[in-house]
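Visitor: Output the structure for:
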Amino acid sequence: MSRARIRLATAAAAAALAIGTLPASASAAAAPGAGVSARHHQVQPEAETIRQIPLQGAVNVRDLGGYRTWTGGKVRQGLVYRSDALSKLTDADVTTVSGLGLTKVVDFRIPMELQYDGADRLPSGLTATSRPVSDLGLYGTLVGAIASGDPAVQEQMLGGGRAEAYMRDIYRTFVTSPENRAQFAATLREIADGGQGPLLYHCTSGKDRTGWMSYVLLRALAVPEDTAERDYLASNTFRAAYDARLRAGLKQSGRMQNPDLLIPLQEVRQDYLDAATTRMEADYGSFYGYLTEGLGLDLRTLAKLQNRMVR
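Guide: Numbers count the residues shown, from 1 in each chain. Model prediction:
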């Protein structure tokens, strides 16, 4: 193997460890629902139930249904799912996913993530729709930082609050980037389409791009803001053990002396969400302004979204 190919393989392995794409066997050990039946787990964050779909090769798969709205309704279950990447699913996982009856899978990952992590493993007849949302080069930055193996370089790139600032910048682009807004808007229009069956959308860790998409959808359905925030922050619960294993693997392999530098990138934080909502209010005046002006959703589409998703 040439030196260039060795470097590429090292970078790919490093990125996989950092972003949460261990082989399925390791995923099974880390996944909180590994080896459990396909029924929904019930995790109770305060008053609302979050319905996780336990899989071995993905740890942050959830049904967005079940939340109450401030209008007195309830979000229908079995129509929209959010998840992390599905490229490491086991055969049993694929069977479980098949049982969800999905007719559409939307993948927010960028080409570099697909190159390193691989395409989704899906039931026969189902192909993911690529709808990339920019990560401002975060994935490439992580590949470079980890593959360097140099603690000084890693500290310079990720320490001193730089990782947190990077995350806030990424969240702001969910609002400011026309390309990103177009991807979110297209997904919301598909969810509103009464002729569309159950839909799942995801990114790599299922927490940032997927988290923002879920926050916007829930608020568009009149789910209270604090409930939408709890759904967003719940990624920390579902990913905690898995991400800790990833950091331990990096330390044991000698790739990082201080893998805790990755924690701000692995976690979701209210501060990150606030960066996006503050930008949203500055640019569009309100959440409704973001929906109509930023995402270009007309009143008819918003009404269809309510009619389909809320009972």
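
Visitor: Could I get the full set of helices for the stretch 151-300 of the chain?
Guide: Counting by DSSP state H, counting those that start in this stretch, the segments of the stretch 151-300 of the chain that form helices are 151-158, 162-176, 178-192, 209-220, 225-233, 235-253, 263-266, 270-284, 287-289, 299-309.

Visitor: Output those as TSV; include the columns mean neighbour count, mean pLDDT and distance to residue 77.
Guide: The way it works is simple: take the backbone N, C-alpha and C, and place the C-beta from them, glycine included. Below are the helices of the stretch 151-300 of the chain laid out as TSV (neighbours: other Cβ atoms under 10 Å; pLDDT from 0 to 100; distance: least, Cβ to Cβ, whole Å):
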stretch	mean neighbour count	mean pLDDT	distance to residue 77
helix 151-158	16	95	39
helix 162-176	20	97	26
helix 178-192	18	98	14
helix 209-220	24	98	14
helix 225-233	18	97	14
helix 235-253	18	96	18
helix 263-266	20	96	28
helix 270-284	17	98	24
helix 287-289	15	97	24
helix 299-309	16	96	10
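
Visitor: Could you dump those helices into TSV with distance to residue 127 added?
Guide: Below are the helices of the stretch 151-300 of the chain laid out as TSV (distance: least, Cβ to Cβ, whole Å):
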stretch	distance to residue 127
helix 151-158	35
helix 162-176	26
helix 178-192	15
helix 209-220	19
helix 225-233	28
helix 235-253	26
helix 263-266	29
helix 270-284	30
helix 287-289	33
helix 299-309	23
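
Visitor: for these, which one sits closest to residue 142?
Guide: Shortest separation from residue 142 across the helices of the stretch 151-300 of the chain is recorded for helix 263-266, at 7.1 Å, computed as Cβ to Cβ.

Visitor: Which secondary structure elements does the closest one sit against?
Guide: Applying 3 or more Cβ pairs under 8 Å, 6 or more residues apart in numbering; DSSP states H and E, we find helix 263-266 packed against helix 162-176, helix 235-253.

Visitor: rewinding a little: of the helices of the stretch 151-300 of the chain, which is nearest residue 137?
Guide: Closest approach to residue 137 among the helices of the stretch 151-300 of the chain (Cβ to Cβ): helix 162-176, 9.0 Å.

Visitor: what does that closest one rub up against?
Guide: Taking Cβ atoms under 8 Å, 6 or more residues apart in numbering as the criterion, the residues outside helix 162-176 that touch it are 133-136, 138, 141, 180-181, 184, 208-209, 212, 261-262, 264-265, 269, 271-273, 275-276, 279-280, 283-284, 290, 294.

Visitor: please redo it, this time with the cut-off set to 6 Å
Guide: If you take Cβ atoms under 6 Å, 6 or more residues apart in numbering as the criterion, helix 162-176 is touched by 134, 136, 180, 212, 264-265, 272, 275-276, 279-280.

Visitor: same thing with stretch 280-300?
Guide: Contacts made with stretch 280-300 from outside it, assessed by Cβ under 6 Å, 6+ apart, are listed as 175, 181, 185, 219.

Visitor: ok, now stretch 82-101?
Guide: Residues from elsewhere that reach stretch 82-101, judged by Cβ under 6 Å, 6+ apart: 24, 27, 38, 55-58, 60-62, 64, 117-118, 120-121, 123, 198, 200, 202, 204-206, 210, 214.
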